[in-house]
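Peer 1: Here you go, sequence then predicted model.
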Amino acid sequence: MANPTAHPLYEEISLKHVTVRRILDIIILFLQLSLLVYRFFNLNNNGFTWLLAFLCELWFTIDWILSLCIIWTPIDYKTYPENLINQVAELPAVDMFVTTADPVLEPPIITVNTVLSLLAVDYPADKLACYVSDDGCSPITFYSLVEASKFAQLWVPFCKKYNVQLRAPFRYFSVKPISSTYESLEFQQEWGKMKEEYEKFCQKVEEAHKLVPSNLSADYAAFKDIESKNHPSIIKVIWENKNGFADGLLPHLIYISREKRPNMSHHYKAGAMNVLTRISGLMTNAPYMLNVDCDMYANNPKIVLHAMCLMLGLKQNESNCAFVQFPQMFYDELKDDPFGNQMVIGFEAFGLGMGGIQGPIYAGTGCFHTRQVIYGLSPSNTDINGKLMKEVLEQQFGYSKKFTKSVSETLCGLEEKTFCQDSVLSSIEEAYKVSSCSYERSTGWGNKVGWFYGSATEDVLTGMRIHARGWKSALCMPDPPAFMGCSAIGGPEFMIQRKRWATGVSEILVSKHNPIFVALTSKLQFRQSLAYTWILMWGIRCIPELSYAVLSAYCLITNTSFLPKVNEAAAMVPIALFLIQYIETLVSYLRVGLSVRAWWNNMRMSKINAASSQLFGVLGVILKLLGLSETVFEVTQKDQFTSNDEGNSTKADASVFTFSDSPIFVLPTTLLLLQLTALVMAFLVLQPPAHGGHGAGLLEIMCSIWVVLCFWPFLKGLLGKGKQGIPVLTKLKAAGLALIFLHLSKRVSMV
Ligand SMILES: O=c1ccn([C@@H]2O[C@H](COP(=O)(O)OP(=O)(O)O[C@H]3O[C@H](CO)[C@@H](O)[C@H](O)[C@H]3O)[C@@H](O)[C@H]2O)c(=O)[nH]1
Ligand SMILES: [Mn+2]
């Protein structure tokens, strides 16, 4: 084994821009505190608008302090996959999980591209297995995977022979290869042939509904008369890497559609992940597991090696790493990020920032876990060595003997020896047993072991419970980026996704998993619990944000104030605060190479989000607490773009904000109408006379203008047509609400 210091697997990198940022951060905090003090001593001379503003600003200050806790000591890692071969005698096995739930919202061609990119990664094929969970129970998805396994026999050797970097074919063929490699005649011929084969394959997938035998015979018989929400399990070994050869052959490929019954909760993605964990535990039982959403293809062929550098390197250094998270990144991003959904800054600041505490959150996709951690192991009991009681295992993991045996091997660290020894087919009967709806009844699945239930953001919850056992995690940002997926675009799709996130995080905040409680009773570090609190407060942050936005309109309408007059010295504080905060975020965008427009779009979308999806998400949780409704996981629509020339017109359309008749659009429209009314009243001097010189001033006007600018897509939507216009009914509802608000404001201000 080589000297680890001469050939390290990873290095910790110090981040240079941090000092300047810290100075700015402290100035902002100082200004926020000054504003609070100033308000506090002037509360008596001003009306309830000052009190409300004080409360909002108090919230913003606490929020700021929490966010500083996260980002204060960032840590980045650089990984060296080339050193891995020298450092470890044998690479560990990895089970790769892909989840899909709906063949319409998640077209099979996207899922199979992800699968192809995973089958082709640079890692010994006999150490890999790919499991696809299909919650849509679609014969089309199954058929597409069968065809993909045939195409893979050509695709994977091609990628390895020519060291292709982009191994999701739909992306690879969307651009011509660089000329130096393209010059070899042999390559040109093979490239052309492969492109042709890929096109044939695509056509088959596209026409799958015609090709899948209508009488569903032979392999498809299991799908006959199936209802996607009421059916037994279907498990198919599509490809078995029988001889266990490392080169030339493909990893195992297994299709799973778990049993579903109408009156049994299936726990959405978390439930699917738990079934995948159990079946893979029976079939291959790899010590590491990778999980990706169906749209997140591997963009860097060395990702498994990068992950192993951190997993194994941190283990050598006795740092208890439970999972390695790669940032969520998106392909075919729209120019200037019109929906503010690329999340680049978030992963940079908060991912690396949490790296300096216990590590980043688990983000649901692009993450490698150790199987032991998923089985509930703590860093302190890694020396179990065969002392596990059979009864305890059955209680936690269910009544399958074969499965509990594999669990005990895993917990004792013996799983490596069993990988690939038996044929995967030999476990199929037991696999049916562990994938049934009733298997988890009275076991620890979903609350002690596996993926946790009870939140629409099962990822954040599961990651937190892992940190609570004292484990750490690491963020890995290799170049080229590890995984790439589709971001939700268009108003309605985007809002559905953000609403679900807001619901999910708020659910955790008000549950027994509240991070502050968890920190008191577990090994969750205090600063890590503050970091989680900040993340989980993302949904309810909409309340102070909205109150603040409404305040400016209210003040203009009733001729009252919530900010100092411009000619008072105190006015400098909010003005400076506003400017420094926005300039600081602008600089952070420019530093990573994003444009001013991208920054603006992100700022703007965060306000629109607050007034729509976040608020709806929070309302959903309140309804759940009152027992009036259950939260559901609405799957995000995935679109397949390509960067070729024909794609341009659709891409331009895609960046336009669209609307639907969803009630989610009513409130932002109301807010906009209110601000417009308020500004008209201010400019035409239609306001009532001010009491005691405390009337609205320039700062209130500026605030209102700012809100209107933030809601610009809605202003365009007021006049727009078709999908780009706000539906008439939504406008009427918003106008009604705005009138009620006007009426109430007048009543309140006269009291
Ligand atoms: O009943 C379900 C619902 C969803 N999924 C899968 O879950 C994944 C995520 O769904 P998506 O609609 O793409 O949600 P996003 O908001 O884009 O996903 C992010 O946020 C989710 C939590 O809200 C995490 O589960 C995801 O991993 C994370 O990428 C997809 O592969 C789905 O196929 C299932 O397998 N079963
Ligand atoms: Mn997604």
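Peer 2: That came through fine. Ligands and ions are numbered 1, 2, ... in the order given.

Peer 1: Please report phi then psi for the closest residue to ligand 2 within the stretch 401-550 of the chain.
Peer 2: The nearest approach of the stretch 401-550 of the chain to ligand 2 comes at residue 485, 5.8 Å away (Cβ to the ion). In short, each C-beta sits where N, CA and C put it, glycine included. With angles defined as degrees, to the nearest 10, residue 485 sits at phi -130, psi -170.

Peer 1: What helices and strands are in contact with whichever strand or helix holds residue 41?
Peer 2: Residue 41 is part of helix 18-42, with elements assigned from DSSP states H and E. Based on contacts counted as 3 or more Cβ pairs under 8 Å, 6 or more residues apart in numbering; DSSP states H and E, the elements that helix 18-42 packs against are helix 48-71, helix 572-591.

Peer 1: Need the residues that contact it.
Peer 2: 50, 53-54, 57-58, 60-61, 64-65, 68, 71-72, 74, 564, 570, 573-574, 576-577, 580-581, 584, 588 (Cβ atoms under 8 Å, 6 or more residues apart in numbering).

Peer 1: Give me the buried entries from the residues you listed.
Peer 2: Among the contacts of helix 18-42, those that count as buried by neighbour count (16 or more other Cβ atoms under 10 Å) are 50, 53-54, 57-58, 60-61, 64, 68, 71, 74, 564, 573-574, 577, 581, 588.

Peer 1: Tell me the residue of this protein that sits nearest ligand 1?
Peer 2: Residue nearest to ligand 1 within the chain (Cβ to the nearest ligand atom): residue 364, separated by 2.3 Å.

Peer 1: ok so, going back, include mean pLDDT when you put the helices and strands packed on helix 18-42 into a markdown table, please.
Peer 2: Converted to a markdown table, these look like this (pLDDT from 0 to 100):
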| stretch | mean pLDDT |
| --- | --- |
| helix 48-71 | 95 |
| helix 572-591 | 93 |
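
Peer 1: Out of those helices, which gets nearest to residue 368?
Peer 2: Evaluated with Cβ to Cβ, the helices and strands packed on helix 18-42 place helix 48-71 nearest to residue 368, the distance being 22.6 Å.

Peer 1: Wait, residue 665 touches residue 731, no?
Peer 2: No - in this structure, residue 665 is not within contact of residue 731 by Cβ atoms under 8 Å, at 9.4 Å.

Peer 1: For the residue of the chain closest to ligand 1, which three-state class applies?
Peer 2: coil (DSSP: H, G, I helix; E, B strand; the rest coil).

Peer 1: Got phi/psi on the closest residue to ligand 2 within the stretch 51-200 of the chain?
Peer 2: The stretch 51-200 of the chain approaches ligand 2 most closely through residue 106 (8.7 Å), counting by Cβ to the ion. Residue 106 adopts backbone torsions of phi -120, psi 80, taken as degrees, to the nearest 10.

Peer 1: That one is in contact with residue 112, isn't it?
Peer 2: No - here residue 106 does not reach residue 112: they are 11.0 Å apart, not a contact under Cβ under 8 Å.

Peer 1: Please say which of the two ends up with more neighbours.
Peer 2: The neighbour count for residue 106 versus residue 112, taken as other Cβ atoms under 10 Å, is higher for residue 112 (31 against 25).
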